[in-house]
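Q: Dropping the sequence and predicted coords here.
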Amino acid sequence: MTTEEFENEAELVRPILVATAAHMLGSDSEAEDAAQETLAKLWGMRGELRSPMAALARAVVRNLCVDTIRRRHAVIVPLSDKQRNMAETVTDNDPFSHVMKVIDLLPEAQQIVIRLRHIDGMSTADIAQLTGTSEAAVRKTLSRARMAVRKHYLEDIRNEQ
C-alpha cells in the first residue's frame with residue numbers, strides 16, 4: 001500500500017476506530033489515543049497492507065482497548081458485610097482469626113482471589129470476570145494461595161508449641 005492509499009484509508013477508518021475505542025473505554029481522550037496508536041501500528045505495516053484495511057484496524061483497536069482496560073483495571077475489593085461481621089465476631093485465639101492474619105500476608109492477587117472464593121462464595125468464572133483474567137489463572141492463583149496459607153499456618157502452629 002502506498003503512502004497516499006494509506007492516508008486515504010486512514011481518513012475513512014479513523015472515525016470508526018474512535019467510535020469503537022470510545023465505546024470500549026468510555027473516554028473520548030483515551031479513544032483518540034487508541035485510534036492514533038492503531039494508525040501508528042498500521043503505518044508501520046503499510047508495506048504489507050492491502051486495501052481495505054478497516055477490518056484489521058478494528059481488530060487492532062479492540063486489542064489495544066482490551067490491553068488498556070487490563071492495565072488500568074485495578075481490582076479493589078472492599079470488605080463485604082459478611083467479612084466485616086466475621087471479623088468482628090472472632091477473637092485473637094480463634095483459628096479463623098489466625099488464618100485471616102495469614103491471608104493478610106499473601107500477595108494482593110492471592111488475597112483477593114481467596115477472599116472472593118471462600119468468604120464471598122463466588123465461582124471461579126465470576127472471579128475471572130471480575131479480575132479480568134482467565135478461569136485457569138484464577139484456579140492457579142487460588143491453589144497457590146491455599147498452599148501458602150497452609151504452609152504459614154502450620155509453621156505458626158509449630159512455632160507456638
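A: On my side now, so go ahead. For clarity, every value in this text was computed on a predicted model and none was experimentally measured.
Q: Going by C-alpha atoms from here, please, whenever you check contacts or count neighbours.
A: OK.
Q: looking at the protein, which helix or strand does the model trust least?
A: Sorting the helices and strands of the chain by mean pLDDT, DSSP states H and E puts helix 81-89 at the bottom, at a mean of 56.
Q: quick one: buried residues of the next helix or strand after it?
A: As assigned by DSSP states H and E, the chain's next helix or strand after helix 81-89 is helix 95-104. Neighbour-count burial for helix 95-104 flags 97-98, 102-103 (criterion: 16 or more other C-alpha atoms under 10 Å).
Q: From these, pick the one nearest residue 11.
A: residue 103 (53.3 Å; C-alpha to C-alpha).
Q: Now do the buried residues in the helix or strand residue 114 falls within.
A: Using DSSP H and E, residue 114 falls within helix 108-118. For helix 108-118, the neighbour count (16+ other C-alpha under 10 Å) marks 110-117 as buried.
Q: Which strand or helix spans residue 127?
A: Per DSSP H and E, residue 127 falls inside helix 124-131.
Q: helices or strands next to the one helix or strand residue 143 maps to in the packing?
A: Assigned by DSSP H and E, residue 143 falls within helix 135-160. Where contact means 3 or more C-alpha pairs under 8 Å, 6 or more residues apart in numbering; DSSP states H and E, helix 135-160 is packed against helix 95-104, helix 108-118, helix 124-131.
Q: For the chain, give me the ranges with low pLDDT.
A: Low-confidence segments of the chain (pLDDT under 70): 72-94, 161.
Q: From residue 30, how far off is the residue nearest the centre of the chain?
A: Centroid-nearest residue in the chain: residue 132, 3.4 Å away (criterion: C-alpha atoms, centre = their mean). Distance, residue 132 to residue 30, using C-alpha to C-alpha, to the nearest Å: 19 Å.
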